[in-house]
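Trainee: Curious how this folds, go ahead:
(one chain, ligands or ions: 2)
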Amino acid sequence: MERILVTGGTGYIGSHTIIELYKKGYEIDVLDNLFNSKITVLDKIKEICGKKPGFYKIDLCDFDAMNDLFKKNKYDLVMHFAGLKAVGESVEKPLKYYENNVGGTINLLKCMQENGVNKIIFSSSATVYGDQSVSKFDETLQTGVGITNPYGETKHIIEEMLKDVAESDPKFEAVILRYFNPVGNHPSGLLGEDPNDIPNNLMPIIMKVSRGEIAELSVYGDDYPTEDGSGVRDYIHVVDLAKGHVAAIEHMKPGVLIYNLGTGKGTSVFEMIAAFEEAGKKKLPYKVVGRRAGDLAEMYADPTKAKEELGWETELTVGDAMRDTIRYLNSL
Ligand code: NAD
Ligand code: UD1
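Mentor: Ligands and ions are numbered 1, 2, ... in the order given. From the prediction side, this is the model:
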């Protein structure tokens with residue numbers, strides 16, 4: 001049985017991935033500084049799958065503490081979710097993002113090297129594709145051009161670092177997973193997206209509007225060249241996303257593998273509002289405002305490579321994500 005260290009494991013995507021990993025019998029430890037998550041997430045994981053990961057409250061930026069953890073435990077693989085992800089904040093505090101995401105990952109890779117751990121799966125983002133003259137993005141497209149914020153830059157830099165490490169070390173195995181737009185939560189409604197940071201993503205804002213914490217959703221533009229004029233994205237259920245990680249482990253080999261994780265289908269902001277209203281049986285207040293700087297009109301994945309090489313594809317819909325989000329909201 002393989003033993004996995006999950007950085008950022010109390011966070012939104014990490015916690016959902018742990019549930020899928022437990023189904024496959026992996027042993028898991030979590031490293032997180034709890035900056036953007038709560039320790040109680042581990043009890044929810046136990047409630048769902050009867051097992052609770054070992055937990056280490058360690059910051060990626062604390063090399064000595066992390067190295068100590070690697071010295072005391074033999075890990076076969078690292079799943080690296082930990083990182084800061086608030087795009088707006090990254091523009092205001094770029095150094096915080098470079099230090100935490102890039103600096104933290106350098107520390108992690110050094111600890112892995114020093115302790116003979118060769119395998120890593122990294123949470124990247126479709127944001128690395130930047131602005132291109134296409135709507136459907138496949139892995140052959142160039143990355144790193146036209147990225148509009150420091151958060152996105154950190155993802156691109158880390159991807160390049162992983163490629164360089166793989167060049168230097170024939171034993172190194174990395175999988176870069178480029179997430180499109182993760183939404184939804186575990187169908188039990190026990191676990192969900194519960195950030196401490198200030199979200200600027202659509203789904204966390206819809207959730208806040210639904211709870212009355214924000215008066216109304218601002219729809220950023222209804223004059224895009226899309227079917228209904230609002231922005232179109234590829235919203236992937238977080239449980240499907242989590243399963244993509246499990247498929248990736250099973251196909252690792254020396255070198256770097258890169259996969260888009262998305263549904264291949266675009267959904268507009270107005271369609272997201274309608275889907276939420278249908279699942280929740282209530283209206284979601286919104287108003288149309290101007291476009292958000294740096295936004296693309298339309299972006300969705302070409303997920304063919306993941307299907308062909310990993311045998312993975314999404315099974316759940318935006319409707320499923322909305323149903324599960326409502327369950328989670330009702331449990332709060
Ligand atoms: P999240 O904020 O819920 O989880 C990240 C976790 O990392 C948090 O628990 C946080 O406390 C921890 N963390 C941050 N900095 C740390 C540090 N220095 N040391 C230790 N722990 C630290 O975010 P998420 O949505 O679960 O995202 C997971 C990963 O996926 C991130 O790397 C994110 O950039 C990436 N990603 C997320 C999305 C998305 O829309 N959610 C999209 C693309 C990529
Ligand atoms: C954003 C980030 C991207 C990051 C990704 C996941 C920007 C410019 N891009 O992408 O770097 O990788 O999140 O973290 O911030 N929308 C509204 N009203 C809102 C919020 C969003 O109408 O209050 C619209 C957006 O215009 C977009 C869609 O909803 O059309 C999705 O937005 P969002 O969830 O922020 O994701 P991305 O734009 O894909």
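Trainee: what about the helices in this protein?
Mentor: 12-23, 41-49, 63-72, 87-92, 94-97, 104-114, 150-168, 202-210, 238-250, 269-280, 304-310, 318-331 (DSSP state H).
Trainee: State the distance from residue 261 to residue 312.
Mentor: 8 Å (Cβ to Cβ, to the nearest Å). All C-beta spots, glycine's among them, are computed from the backbone N, C-alpha and C.
Trainee: swap in residue 30?
Mentor: Look at residue 30 and residue 312: by Cβ to Cβ, they are 23 Å apart.
Trainee: Show me which of the two is the more surrounded one.
Mentor: Taking other Cβ atoms under 10 Å, residue 30 and residue 312 do not tie; residue 30 has more neighbours (30 against 22).
Trainee: Need the per-residue pLDDT for the more buried one.
Mentor: With respect to pLDDT, residue 30 has a value of 98.
Trainee: burial of the residue in the stretch 101-250 of the chain positioned nearest to ligand 2, as a residue count?
Mentor: Nearest to ligand 2 in the stretch 101-250 of the chain, going by Cβ to the nearest ligand atom, is residue 231, at a distance of 2.2 Å. The tally of other residues near residue 231 (other Cβ under 10 Å) stands at 24.
Trainee: With residue 190 instead?
Mentor: There are 17 residues near residue 190, going by other Cβ under 10 Å.
Trainee: Show the contacting residues for the nearest residue to it once chain neighbours are set aside.
Mentor: Nearest non-adjacent residue to residue 190, counting by Cβ to Cβ, 6 or more residues apart in numbering: residue 44, 4.7 Å away. Contacts of residue 44 were listed using Cβ atoms under 8 Å, 6 or more residues apart in numbering, and they are 15, 190, 191.
Trainee: Out of those, which is nearest to residue 304?
Mentor: residue 15 (28.6 Å; Cβ to Cβ).
Trainee: Tell me who's in contact with that closest one.
Mentor: 9, 37, 41, 44, 45, 191 are the contacts of residue 15 under Cβ under 8 Å, 6+ apart.
Trainee: Hmm, the first one is touching residue 34, no?
Mentor: Meaning residue 9. No. Counting by Cβ atoms under 8 Å, residue 34 is not a contact partner of residue 9; they are 10.7 Å apart.
Trainee: neighbour count winner among these two?
Mentor: Neighbours were counted for residue 9 and for residue 34 using other Cβ under 10 Å; residue 9 has more, 29 against 14.
Trainee: Ends of stretch 300-320, what's the gap?
Mentor: This stretch, stretch 300-320, spans 19 Å end to end (Cα to Cα, to the nearest Å).
Trainee: Stretch 214-229 now?
Mentor: Using Cα to Cα, the end-to-end distance of stretch 214-229 comes out at 24 Å.
Trainee: what about the nearest residue to residue 110 once chain neighbours are set aside, how many neighbours?
Mentor: Among residues not flanking residue 110 along the chain, residue 63 sits closest, at 6.9 Å (Cβ to Cβ, 6+ apart). Number of residues near residue 63 (other Cβ under 10 Å) recorded here: 17.
Trainee: which of the contacts of residue 44 come close to ligand 2?
Mentor: The subset of the contacts of residue 44 within reach of ligand 2, by Cβ under 6 Å from any ligand atom, is empty.
Trainee: Could you export these as TSV, including distance to ligand 1 and pLDDT?
Mentor: Converted to TSV, those look like this (distance: Cβ to the nearest ligand atom, whole Å; pLDDT from 0 to 100):
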residue	distance to ligand 1	pLDDT
15	8	98
190	16	94
191	11	93
